[in-house]
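**Q** Got a predicted model here, sequence first, then my questions.
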Amino acid sequence: MNEENNNSQQPQDENQEQQEQAAKEIKRKKVKVKTKKKKKKGIHIGIGSLVLTIFCVFLLITVTFLQLDITHFIIPAKLFQGKPCTIEDYLFTIKYIPQIPIVIFVAALLGRKFGLVSIILYIITGLFILPVFALGGGWRYIFEYGFGYIFAYIPAAFILTTILKKGFTFKNILKAVVLSVLTIHVIGVIYMMCLAGFKHAGWDFIGTWIAAQSGIKILYDIVFGYLLVLFAKYARIILWFYL
């Protein structure tokens, strides 16, 4: 009887040992997976990404001083007043600085992490290093009416890259560009109105300023922004090993 009991216990002991070994192996695999995941969370900056980020900062600085004269068709007020109209009355030239589309392009090209880094570096440069903004620079620039637009580049880039993470489809691109452009203009207008209220500026000034800085420029920002995101889509394919 004792021998039979010993024989029956041996396979049970072997099964327990095998189960314990299997459990240990599973734990080891889990630990390896966790360590691998932790390593991936680290920030890895390659030379290519660094070069592209610096290039985009210079691009943002350069486009600040680039002004385009865009002529488009309008319906003149004279037409409704019964006054004679010439060809020149049907044409309107707007002085346009394409900085917002370039901000959108930079965010789409570099992605969230490096796109935000380049935009933040541009803002820091203008506030503390060099006068790279349209009207100069320095920390006092935060009291300029247009600084709200510049500050809004950060949330706009975040929104754009979040949407484009789902894919560079035509629908996603349009949605991302429209929301990011509107974010910049809404924050910019609210910031300007707060400063104008603090400085006791009149409503005539506020209305004129909003029409000049936003107005029809929103449409240009959306159109050029959309085209530049399409360009960034294919540029990312070419430069994928840098990003």
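**A** Great, that's in hand.
**Q** Specify the beta-bridge partners of the nearest residue to Leu91 once chain neighbours are set aside.
**A** The shortest distance from Leu91 to any non-neighbouring residue, by Cβ to Cβ, 6 or more residues apart in numbering, is to Thr71 (5.5 Å). Just so you know, the C-beta spots here come from the backbone N, C-alpha and C atoms, and that holds for glycine as well. Legend: beta-bridge partners of Thr71 under DSSP bridges are Thr93.
**Q** Which residues are in contact with Cys56?
**A** By Cβ atoms under 8 Å, 6 or more residues apart in numbering, the contact list for Cys56 reads 106, 109-110, 115, 118.
**Q** Which one (most neighbours) among the residues you listed?
**A** Counting neighbours by other Cβ atoms under 10 Å, Val106 leads the contacts of Cys56 with 28 neighbours.
**Q** In contact with Ile119, which residues?
**A** Here Ile119 is in contact with 60, 103, 106-107, 153-154, 157 (criterion: Cβ under 8 Å, 6+ apart).
**Q** okay, it: pLDDT?
**A** For Ile119, the pLDDT comes out at 97.
**Q** Which helix or which strand is home to it?
**A** helix 99-124 (DSSP states H and E).
**Q** Report all helices and strands that the helix or strand just after that helix contacts.
**A** Next helix or strand after helix 99-124 toward the C-terminus (DSSP H and E): helix 147-151. On a contact count with 3 or more Cβ pairs under 8 Å, 6 or more residues apart in numbering; DSSP states H and E, helix 147-151 meets helix 99-124, helix 170-198.
**Q** Tell me which of those helices sits most buried.
**A** Among the helices and strands packed on helix 147-151, the stretch with the highest mean neighbour count (mean count of other Cβ atoms under 10 Å) is helix 99-124, at a mean of 22.
**Q** Can I get the helices and strands packed on helix 147-151 in a markdown table including distance to Phe92?
**A** Converted to a markdown table, the helices and strands packed on helix 147-151 look like this (distance: least, Cβ to Cβ, whole Å):
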| stretch | distance to Phe92 |
| --- | --- |
| helix 99-124 | 20 |
| helix 170-198 | 20 |
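**Q** Out of these, which is closest to Gly146?
**A** Closest of the helices and strands packed on helix 147-151 to Gly146 is helix 170-198, at 7.1 Å (criterion: Cβ to Cβ).
**Q** check contacts around Ile218.
**A** Counting by Cβ under 8 Å, 6+ apart, Ile218 has contacts 181-182, 185.
**Q** Can you name the helix or strand that it falls in?
**A** Ile218 belongs to helix 217-238, assigned by DSSP H and E.
**Q** ditto for Leu50
**A** helix 47-64.
**Q** where's the residue nearest the centre of the chain, which helix or strand?
**A** In the chain, the centroid-proximal residue (Cα atoms, centre = their mean) is Ala157; its distance is 1.6 Å. Using DSSP H and E, Ala157 sits within helix 153-164.
**Q** how big is the angle separating that helix from helix 217-238?
**A** Angle of helix 153-164 versus helix 217-238, following axes from the mean of the first three to the mean of the last three Cα atoms, to 10 degrees, is 60 degrees.
**Q** residues in contact with Ile102?
**A** 59-60, 63, 228 are the contacts of Ile102 under Cβ under 8 Å, 6+ apart.
**Q** ok, now how distant is it from Ala232?
**A** 11 Å (Cβ to Cβ, to the nearest Å).
**Q** circling back: and the closest residue to the residue nearest to the centre of the chain other than its chain neighbours, what pLDDT?
**A** Spatial nearest neighbour of Ala157, chain neighbours left out: Ala107 (3.8 Å); criterion: Cβ to Cβ, 6+ apart. On pLDDT, Ala107 comes in at 96.
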